[in-house]
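Participant: whatever this is, show me its structure:
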Amino acid sequence: MRYLIATDGSDVSDAAVERAAREARAWDATLEIVHVLTPETELVDGTLVLPGEDRAVEYGERTLRRAAELAAEAAGETDLEITTELLAGRPAAAITDYADEAEVDGIYVGHRGLSAEHERVVGSVAKAVVDKSTVPVTIVK
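Facilitator: Predicted structure coming up:
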């Protein structure tokens, strides 16, 4: 079995990482942790540029490292296979497209991410992942 975890570095996202790691340990599954870069583009002198691209990549890589460490801790003394991938695009589409390509058996997401002040019950990304996914999605609160 293969589980996909989408993380944005938020506390709720960390809870999803821990939950998925414990379940992966129980089911002898592998974990794939992804973070989606969503840079805003600008048109400058006829050329598309991505402001803060280097910072966004650094943040994404740091978020993935931290999530992998958290998953390993949550899984305890096991040989849990954990891989990470930095994606780009609209979060829900990037997550579900990657899930299809990687042929994962399930997706874990936090119920809302870093922009929680704009989301009330279930975050827009979590809801869109449920709507677009072809595999079961676990939303962790």
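Participant: pLDDT value on residue 77, please?
Facilitator: Confidence at residue 77, expressed as pLDDT, is 80.
Participant: can you offset everything so residue one is 797?
Facilitator: Okay, residue one is now 797; in that scheme the one you just asked about reads as residue 873.
Participant: over to it: give its phi and psi.
Facilitator: phi -80, psi 70 (degrees, to the nearest 10).
Participant: also residue 828?
Facilitator: phi -120, psi 120.
Participant: surely residue 862 and residue 805 touch.
Facilitator: Yes. With contact taken as Cβ atoms under 8 Å, residue 862 and residue 805 are classed as touching, separated by 7.0 Å. The C-beta positions use only the backbone N, C-alpha and C, and glycine is treated the same way.
Participant: element containing residue 876, please.
Facilitator: Residue 876 is located outside every helix and strand, with elements delineated by DSSP states H and E.
Participant: so where's the protein uncertain?
Facilitator: Counting by pLDDT under 70, the chain contains low-confidence ranges at 835-848, 909-919.
Participant: for the residue nearest the centre of it, list each beta-bridge partner.
Facilitator: The centroid of the chain falls nearest to residue 802 when counting by Cα atoms, centre = their mean (1.3 Å). For residue 802, the beta-bridge partners are residue 830 (DSSP bridges).
Participant: residues contacting it?
Facilitator: 809, 812, 829-832, 887, 891, 903-905, 921, 925 (Cβ atoms under 8 Å, 6 or more residues apart in numbering).
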